[in-house]
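**Q** coords please:
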Amino acid sequence: GMGFALCLCNTKAKLAINKKLRNGGNVMIFEFGNFRLDIDVESTKAFYSKHEKTVIEDCGCVNCRNYYEAISKVSDKVKNFFNSLGIDPQKSPEATWWDTNEDGVAYYSIIFHVVGTIIKSVDIYKPVGDSGYQLINENFYEIDKGFKVGFTTKAVLVEKDFPRPCIQLEIEAYLPWVMN
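**A** Take a look at the predicted model:
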């Protein structure tokens, strides 16, 4: 199986209501563990395809270049995850490298934006001190080994012309270090 449930609202009545709400956008319900999302895949895909900027062009440091190369070498499960949501994984607004271990595995936090709303979720952050926050790792959903995702309405670094409503995808990923 695909590792996550994908249900399409196929009753005409439901579709009619959803389409009215969404100006003809396509509604898809996704479930990833404790997250239930209503995502407009077509609008998300359209945004990523019209924006040329990649992580590399935005930054160009070796950690970003590694991310750019490594994210195209992920498992089919992870590729299917990105495809199903309409995301181009090389066009993240922010990929943060934390460290690389002696086995050549790099640990990244990556964010993406998706057009849609959250129907049901768990907190993926907890406040720390006055203005800080910490990820609650156990609330993330594992798409594949070393690749966990979470969703939040607290979106940052959202592109000015990103369609609304917007939700943020947070990814904690272990990716191979492929740069020389």
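**Q** longest strand in this structure, please.
**A** As assigned by DSSP state E, the longest strand anywhere in the chain is strand 105-120.
**Q** in its sheet, what does that strand sit against?
**A** strand 35-39 (antiparallel), strand 94-100 (antiparallel), strand 166-176 (antiparallel) (DSSP bridges).
**Q** and of those, who's closest to Phe140?
**A** Closest approach to Phe140 among the strands paired with strand 105-120 (C-beta to C-beta): strand 166-176, 6.0 Å. No exception for glycine: its C-beta is placed from N, CA and C like everyone else's.
**Q** in PDB, list the C-alpha atoms belonging to the longest strand of the chain.
**A** Extracted C-alpha coordinates of strand 105-120, given in PDB (Å, rounded to 0.1, in the frame of the first residue of the first chain):
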ATOM      1  CA  VAL A 105      23.700  10.800   7.100                       C
ATOM      2  CA  ALA A 106      22.600  14.400   7.300                       C
ATOM      3  CA  TYR A 107      19.800  15.600   9.600                       C
ATOM      4  CA  TYR A 108      17.500  18.300   8.200                       C
ATOM      5  CA  SER A 109      14.400  20.200   9.200                       C
ATOM      6  CA  ILE A 110      12.500  21.200   6.100                       C
ATOM      7  CA  ILE A 111       9.300  23.200   5.600                       C
ATOM      8  CA  PHE A 112       6.900  23.500   2.700                       C
ATOM      9  CA  HIS A 113       3.500  25.200   2.200                       C
ATOM     10  CA  VAL A 114       0.400  23.500   1.000                       C
ATOM     11  CA  VAL A 115      -3.000  25.000   0.000                       C
ATOM     12  CA  GLY A 116      -5.600  23.600   2.400                       C
ATOM     13  CA  THR A 117      -6.900  23.300   5.900                       C
ATOM     14  CA  ILE A 118      -6.300  21.000   8.800                       C
ATOM     15  CA  ILE A 119      -9.400  19.100   9.900                       C
ATOM     16  CA  LYS A 120      -7.800  17.200  12.700                       C
END
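**Q** check the offset of the next helix or strand after that strand from the chain's centre.
**A** For strand 105-120, the succeeding helix or strand toward the C-terminus, using DSSP states H and E, is strand 125-128. Remark: strand 125-128 is offset 20 Å from the chain centroid, using C-alpha atoms, centre = their mean, to the nearest Å.
**Q** check which residues of the next helix or strand after strand 125-128 are buried.
**A** As assigned by DSSP H and E, the chain's next helix or strand after strand 125-128 is strand 132-135. Going by neighbour count (16 or more other C-beta atoms under 10 Å), the buried part of strand 132-135 is Leu135.
**Q** strand 132-135 packs against which elements?
**A** strand 125-128 (3 or more C-beta pairs under 8 Å, 6 or more residues apart in numbering; DSSP states H and E).
**Q** circling back: which of the strands paired with strand 105-120 sits closest to Phe81?
**A** strand 166-176 (9.4 Å).
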